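**Q** Curious how this folds, go ahead:
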Amino acid sequence: MKNSKKILSSILMVIAVCCLAAALILAVCRFAADLHSQETLDELRSSAEALKEETDSPTQTGESSSESAPSATPEPAETPDTTSEPTETPEPTPTPVVNPYRDSFLANSDMAAWLQIPNTGIDYPVMWTPDDEEYYLRRGFDGSDDKNGCLILDTDSNLNPLTTNLIIHGHNMKSGAMFGTLTDYEDEAYYQEHKNIILYTRECRRNYEVIAVFRSQVYKKTDDVFKFYKFFQAETREEFEDFYNNIKELSFYDTGLTAEFGDRFITLSTCSYHVEQGRFVVVAKEVESGDSYLPIQE
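**A** The predicted model follows:
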């Protein structure tokens, strides 16, 4: 009887040690995967910053350089005819510049854009896989396993042609990764410091300003309620105003920013635990156009 207990105790001990070892190996593998994903993102960010610096340099912007050769002495200008009517000078057409996220787009064709909220940790690629929206739910930028996943552009959103509303989903990670800090927008003081959102697409930079912040949830199909996650394209003024009026009514505070039919939005959504299937939502309105980019070539 004693021998049987000893054998059983030994077996249980071996099982416990094996479980502990497996858990340790799994933790190490996850840590290595997280480290690999972080290194990949850091490389992409560094590449983008370097290209931004090149774009802003004098030789890229057309400013004169101290080392450039002096220009020839200009011919005397002709005296303008003061009797003719003045003509308006046309606005100069912006010159396309190199896309700062060129290397990221070339590294993975699934990348639809790069999302950045200045002075926050939200600085990530946005993936778009229409055939399988959840492909990057638990995968990193390079397709390797990653519990953080990636930011995902809803399959019903489109950048070309651009839909009225772009919805981007991201995990609410305890570490703060992805949209782990998005809920900070519940604090109006935080919003005041982080009003601006930037989306870098293949074609151009799109600038947004936060217009509403609220909590919601994923409802049943039969629930006759406002579902922010169902709004992508406003074909009519009524469709636009239904979305606009609801987000303004739900918002924690009045941002003072207004919108009208024809404006476009970006909606950031992450999990919230105030109710089952809860969502925390930040909606921003496109406020101005940024740089146009040169075509991305291999």
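
**Q** make it CA atoms for all contacts and neighbour counts henceforth
**A** Fine.

**Q** for the closest residue to residue 219 other than its chain neighbours, phi and psi?
**A** Take residue 219 and drop its neighbours on the chain: the residue closest to it by Cα to Cα, 6 or more residues apart in numbering is residue 227, 7.4 Å away. With angles defined as degrees, to the nearest 10, residue 227 sits at phi -120, psi 100.

**Q** pretty sure residue 183 contacts residue 280?
**A** Yes: Residue 183 is within contact range of residue 280, at 6.6 Å (criterion: Cα atoms under 8 Å).

**Q** what pLDDT, on average, does stretch 253-273 get?
**A** Stretch 253-273 shows a mean pLDDT of 98.

**Q** What helix or strand is the closest residue to residue 204 other than its chain neighbours located in?
**A** Closest residue to residue 204 apart from its sequence neighbours, by Cα to Cα, 6+ apart: residue 292 at 4.3 Å. Element membership for residue 292 (DSSP states H and E) is strand 278-292.

**Q** again with residue 126
**A** Per DSSP H and E: strand 123-127 holds residue 126.

**Q** C-terminal to that strand, which secondary structure element comes first?
**A** Using DSSP H and E, the helix or strand that directly follows strand 123-127 along the chain is strand 151-153.

**Q** Who are the packing partners of that following strand?
**A** The contact analysis (3 or more Cα pairs under 8 Å, 6 or more residues apart in numbering; DSSP states H and E) places strand 151-153 against strand 123-127, strand 165-169.

**Q** how about CSV for the ones you listed, with mean neighbour count added?
**A** As requested, the helices and strands packed on strand 151-153 are arranged in CSV below (neighbours: other Cα atoms under 10 Å):
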stretch, mean neighbour count
strand 123-127, 24
strand 165-169, 24
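
**Q** Dump these to JSON lines, plus distance to residue 11 and mean pLDDT.
**A** Formatted as JSON lines, the helices and strands packed on strand 151-153 follow (distance: least, Cα to Cα, whole Å; pLDDT from 0 to 100):
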{"stretch": "strand 123-127", "distance to residue 11": "48", "mean pLDDT": "98"}
{"stretch": "strand 165-169", "distance to residue 11": "47", "mean pLDDT": "98"}
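
**Q** how about JSON lines for those, with distance to residue 95 added?
**A** Below are the helices and strands packed on strand 151-153 laid out as JSON lines (distance: least, Cα to Cα, whole Å):
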{"stretch": "strand 123-127", "distance to residue 95": "25"}
{"stretch": "strand 165-169", "distance to residue 95": "26"}
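
**Q** ok, residue 180 - contacts?
**A** 171-174 (Cα atoms under 8 Å, 6 or more residues apart in numbering).

**Q** residue boundaries of the helices in the stretch 1-150 of the chain?
**A** 2-56, 58-61, 102-107 (DSSP state H, counting those that start in this stretch).

**Q** ranking those by mean pLDDT, which is last?
**A** Mean pLDDT per stretch puts helix 58-61 lowest among the helices of the stretch 1-150 of the chain, at a mean of 44.

**Q** Geometric centre of the protein: which residue is closest?
**A** Against the mean C-alpha coordinate of the chain, by Cα atoms, centre = their mean, the closest residue is residue 115 at 2.4 Å.
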